[in-house]
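> How does the following fold in three dimensions:
(one chain, ligands or ions: 1)
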Amino acid sequence: MAPPLLTALDSGGHVHLIIGSNPLANARCSKSIEVGAKPKVVASADAVVHYVLAKRIEDGEVEWIKKSFEDADISTLGRSEVDHVVDAVFVTGNGKNVSSTHISSLCRRMRVPVNVVDSPNLCTFTLLSTHSDGPLQIGITTSGKGCKLASRIRREIASSLPPNFGTTVERLGTFRRRIWEEDHKTYETEEPATEVEDDDATAQRPAFNRLVSETDHNAAGTRRMRWLSQICEYWPLRRLASITDADIDTILHSYTTSSDLALSPLNATNPDIRSRPKPIIILAGSGPGNPSLLTMATHRAIQTASIILADKLVPAPVLDLIPRRTPVHIARKFPGNADAAQAELLSLGLEALYKGHTVLRLKQGDPYIYGRGAEEYAFFREKGYVPIVLSGITSALSAPLFASIPPTHRSVADQVLICTGTGRKGAAPDPPPYIPTQTVVFLMALHRLSSLVDALTGAGPTTESHETGTNPKPWPRETPCAVVERASCPDQRVIRSTLQHVCTAVEEEGSRPPGLLIVGWCCEVLKDMKGQGKWLVEEGFSGFEAIDFGSDGAAGLVKGMNIDGASKTEELLHHDKASANGMSDLSVR
Ligand code: SAH
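From the prediction side, this is the model:
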């Protein structure tokens, strides 16, 4: 069965016809009232009426039409502006002499949405199990597979949010509106600023991470909007929840040009940083995202540093391991601001070192793979502080693994090339020539996937700056490839395809940054795409599911390492490996 279309229906003033007067009828009335609709109960005068429903009727919240249901009720009890046709019908089970099947087909004919209790076949819609917190509404359906389960899932999701998160949604919504209005005022653009008109389903377009060139005159106008989009994407929710109205005012008034990146209260360093006798700077990689993939050395550095300067991409579960007392600054790298954000981080680091602190510069993946790690190393060394560098698991090699792609494999691939899709100043680097036994992993490339694929296959200019010229050794269009996004995170997604279809696949599926592209015949070694269509999407990360991490997930594992010492850790790491190898059971859509 095709999945249902989930929508949020504005039901203000609608008339909901509820047939029956049992406890379920009462529950339906209560929901209708909650969403601003007018419930009308049809039940004969001698019907047993649930006591709460009776109270509602008495209080005038619910109208009771004292008679048995008749077909004409559907077209006469509704609002006058829709010719008295009711807006929805709920059959709750105890309507006298009422045939649910008859009502259902009548409603279908009249295009009135109908819901019949315990009869999925007679329903044209079902209600979701909802969590409601101000503007934030979360709805779950299991498509009739179990309402208790739906309610459990809903509770689980709701409890993972910071308390009163609806208020944060409200605040950020107001913020977004204000930025939009001010940008409109300032730049008199006819086009709304980036993302403003997107609805939730399209908010993460591939253009999301697009670099803004220096010459882009609208850049200043959209900068705050992008900043907002990016903090919504990358900040841990609990950090978003701590934004106050005063913070928002400060940001609104200070972020007008890129040179205005003075410290905002959101990032101000805590004055009571714990003093250390000897300044230490640690440059550490935090792996691809899953906290279980941190090295023990990096984990220890997270626990002991007196200040942490983190990259934007360091994911929330890793940041959650930072002790509350430790001040954290997250890089404000949004398009067009990478250099300023980097300079800001370096000077914060230096300032803390002067004061004798232990500074942890926490980077995503491995610090020396496209992480500006060596630049930072040289910077601090020149100032007299030689960094301790801790390696991290790079996404370039772990994302393929979590997608069941071995970058090397006997007789298929004997070399791996790691490339960037974005060179300095946003230019596209030349594509590598075709080597049949090579696996190429492209980082920072998905936002310009189609020009990259064109360049690889020889279908277009080799670089954006060249008018002509194609790849002298083009990659065949049937070369298998895979886009792996948010590798090792719960929302990991793999799109398997070929160079020929991958762009359409990503356009249709949307983007979920960060992600990378793997190209080469190794993509087929463990997963054969033959007969599977133009692309295949695999959702979710189940790499560590077999290990019981306890209630606080993988973070618990990392915490456990401290308590139980190395031998247990070794054992767990061994399990990690075993589990990661058993990744083939990802769900396929
Ligand atoms: N130093 C990092 C890479 C930094 S560049 C490392 O070693 O992994 C940032 C790029 O890394 C992103 O544009 C994306 O291509 C890739 N990336 C980072 N984390 C990723 C993840 N969890 N899944 C897929 N790609 C990721």
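
> Report the residue ranges of every domain in the chain.
Using automatic domain parsing, the domains assigned to the chain come out as 15-127, 165-252, 273-393+550-587, 402-539.

> Any chance of JSON lines for those domains, columns mean neighbour count, mean pLDDT and distance to Ala8?
Quick note: C-beta positions are derived from backbone N, CA and C, even for glycine. Listed next are the domains of the chain as JSON lines, based on neighbours: other C-beta atoms under 10 Å; pLDDT from 0 to 100; distance: least, C-beta to C-beta, whole Å:
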{"stretch": "domain 15-127", "mean neighbour count": "18", "mean pLDDT": "92", "distance to Ala8": "10"}
{"stretch": "domain 165-252", "mean neighbour count": "16", "mean pLDDT": "66", "distance to Ala8": "10"}
{"stretch": "domain 273-393+550-587", "mean neighbour count": "18", "mean pLDDT": "76", "distance to Ala8": "26"}
{"stretch": "domain 402-539", "mean neighbour count": "19", "mean pLDDT": "90", "distance to Ala8": "19"}
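
> Out of the ones you listed, which is closest to the ligand?
Of all the domains of the chain, it is domain 273-393+550-587 that lies closest to the ligand, at 1.9 Å by C-beta to the nearest ligand atom.

> hmm, the closest one in reach of the ligand?
Yes. Using C-beta under 6 Å from any ligand atom, domain 273-393+550-587 reaches the ligand at 288-289, 313, 363-366, 369-371.

> hmm, back to that, export the domains of the chain as TSV, with columns for distance to Gly146.
TSV is the format used below for the domains of the chain (distance: least, C-beta to C-beta, whole Å):
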stretch	distance to Gly146
domain 15-127	12
domain 165-252	26
domain 273-393+550-587	18
domain 402-539	20
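
> For Gln137, which of these is the nearest?
With C-beta to C-beta, the closest approach to Gln137 among the domains of the chain belongs to domain 165-252: 8.9 Å.

> Quick one: end-to-end distance for that closest one.
Using C-alpha to C-alpha, to the nearest Å, one end of domain 165-252 lies 22 Å from the other.

> Next: stretch 361-381.
OK, stretch 361-381 end separation, C-alpha to C-alpha: 14 Å.

> Quick one: residues in contact with it.
281-289, 298, 302, 308-311, 313-315, 318, 342, 345-346, 349-350, 353, 386-387, 389-396, 418, 420, 443-444, 514 (C-beta atoms under 8 Å, 6 or more residues apart in numbering).

> Looking at the residues you listed, which are in strands?
281-285, 308-310, 389-390, 418, 420, 443 (DSSP state E).

> So which of the residues you listed is the closest to Arg239?
Ala310 (10.9 Å).

> and the closest residue to the closest one other than its chain neighbours, what are its bridge partners?
Using C-beta to C-beta, 6 or more residues apart in numbering and skipping the chain neighbours, the partner closest in space to Ala310 is Leu362 (4.4 Å). Leu362 forms beta bridges with Ala284, Ala310, as assigned by DSSP bridges.

> Next to the ligand in this structure, residues from the stretch 351-500 of the chain, please.
Residues of the stretch 351-500 of the chain lying near the ligand (C-beta under 6 Å from any ligand atom): 363-366, 369-371, 394-396, 399, 443-444, 484-488.

> Return the residues in contact with the residue nearest to Trp521 when sequence neighbours are not counted.
Leaving aside its chain neighbours, Trp521 sits nearest to Val412 (5.3 Å; criterion: C-beta to C-beta, 6+ apart). By C-beta under 8 Å, 6+ apart, the contact set of Val412 is 437, 521-522, 524-525.

> export those to CSV and tack on secondary structure and distance to Leu294?
As requested, the contacts of Val412 are exported to CSV (DSSP: H, G, I helix; E, B strand; the rest coil; distance: C-beta to C-beta, whole Å):
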residue, secondary structure, distance to Leu294
Thr437, coil, 33
Trp521, helix, 32
Cys522, helix, 27
Glu524, helix, 32
Val525, coil, 28
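
> from these, which is closest to Ser11?
Once C-beta to C-beta is applied, the member of these that ends up nearest Ser11 is Glu524, at 50.0 Å.

> Pretty sure that closest one sits against Pro480.
Yes. Using C-beta atoms under 8 Å as the test, Glu524 is close enough to Pro480 to be in contact (4.9 Å).

> So what's the residue count around Ala8?
Ala8 has 10 neighbouring residues, counting by other C-beta atoms under 10 Å.

> Which residues are in contact with it?
137, 139.

> From Val502, how far off is it?
Going from Ala8 to Val502 by C-beta to C-beta, to the nearest Å gives 33 Å.

> which SS state does the closest residue to Met444 other than its chain neighbours fall under?
Distances taken as C-beta to C-beta, 6+ apart put Thr422 closest to Met444, at 4.4 Å, once the chain neighbours are dropped. Using DSSP: H, G, I helix; E, B strand; the rest coil, the structure places Thr422 in coil.

> residue contacts, Thr422?
By C-beta under 8 Å, 6+ apart, Thr422 lies in contact with 211, 428, 444-445, 447-448.

> Now for those: which two are most distant?
For the contacts of Thr422, the farthest-apart pair by C-beta to C-beta is Leu211 and Ala445; their separation is 12.0 Å.

> Go ahead and name everything in contact with stretch 48-55.
Contacts of stretch 48-55 (C-beta under 8 Å, 6+ apart): 21-23, 25-26, 29-30, 41, 43, 57, 62, 64.

> could you redo the last one with a cut-off of 6 Å?
Defining contact as C-beta atoms under 6 Å, 6 or more residues apart in numbering, one finds that stretch 48-55 is touched by 21-23, 26.

> what two of those are the furthest from one another?
Ser21 and Pro23 (9.2 Å).

> any idea how far Ser542 lies from the ligand?
Distance from Ser542 to the ligand, counting by C-beta to the nearest ligand atom, to the nearest Å: 15 Å.

> Could you confirm that residue falls within a helix?
No. Ser542 sits outside any helix when classified using three-state DSSP, being coil.

> gap between it and Ser488?
In terms of C-beta to C-beta, Ser542 sits 11 Å off from Ser488.

> Repeat that for Ile18.
Distance of Ile18 to Ser488, computed by C-beta to C-beta: 48 Å.

> Ile248: which of the contacts of Val412 is nearest?
Using C-beta to C-beta, the contacts of Val412 come closest to Ile248 at Cys522, 47.8 Å.
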